[in-house]
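# Quick one, fold the following:
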Amino acid sequence: MIELVKSMQQDHPGNPAVVVSNVPDALGLERAQDLEIATRSLNHRSFGGDRLAFEKELQDILLDFDLDVLCLAGFMRILSSSFVEQWSGRMLNIHPSLLPKFKGLNTHQRALDAGDREAGCSVHLVTPELDDGPVLGQARLTIAENETAQTLSSRVLKLEHRLYPQVLRRYLLGERQPLYISE
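Numbering: from 1, shown residues only. Purely as a prediction, here's the structure:
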């Protein structure tokens, strides 16, 4: 997330308006403040499992910031279809797999267990179905022979930091053709 914010502080058509986290002590909030970006924290646990109440409060926070596009990065909450539909065509997410493979969690271990030779990450438009929206970009790398889920995660994260800013830039400029890069 911070790499995405930093990219927008350079020659980029987007401007970072706010960083919101559902984890009150998330390091990203502190890093965003260091970059003089507004931050908000909304602890989902304080809603006692009432997802719609959490999302209403989240939407109220977001509406305070005249946002054109909402970029999810490390926001590990499944959003309801009613929330997603309010941002239809304006919410992007990064996922640590080559979608449509390995939607959901534990993507790196699942790629290793499947014997895949390649792994990577995808930026996609968010739709009500989990990790199912149109892919706007993918970055891939070759899985090493001695790869572990931890080493693969670290390598893919570096690709995420390259891919997301490039895809967001293209998206804001109206480009909808997927971008594909390889390590």
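
# In this structure G104 contacts D131, no?
Yes: between G104 and D131 there is a contact at 6.6 Å, judged by Cβ atoms under 8 Å. Where C-beta positions appear, they are placed from N, C-alpha and C, glycine not excepted.

# And those two? Which one has more around it.
D131 (19 against 11; other Cβ atoms under 10 Å).

# Who are the contact partners of that one?
N93, H95, S97, L99, P100, K103, G104, H124 (Cβ atoms under 8 Å, 6 or more residues apart in numbering).

# sec struct for the last one, please.
Using DSSP: H, G, I helix; E, B strand; the rest coil, the three-state assignment for H124 comes out as strand.

# wait, isn't it in contact with N93?
Yes: applying Cβ under 8 Å, one finds H124 in contact with N93, separated by 6.0 Å.

# Name the nearest residue to the residue nearest the centre of the chain, ignoring sequence neighbours.
Centroid-nearest residue in the chain, with Cα atoms, centre = their mean: A73, separated by 2.9 Å. The shortest distance from A73 to any non-neighbouring residue, by Cβ to Cβ, 6 or more residues apart in numbering, is to M1 (3.9 Å).

# Identify the residues contacting the one you found.
Going by Cβ under 8 Å, 6+ apart, M1 touches V19, G28, A32, C71, A73, G74.

# Now intersect these with the strands, please.
Those of the contacts of M1 mapping onto strands are V19, C71, per DSSP state E.

# so R51 makes contact with S82?
No: with contact defined as Cβ under 8 Å, R51 does not reach S82; the gap is 10.1 Å.

# Which neighbours do those two have in common?
With Cβ under 8 Å, 6+ apart as the test, R51 and S82 reach no residue in common.
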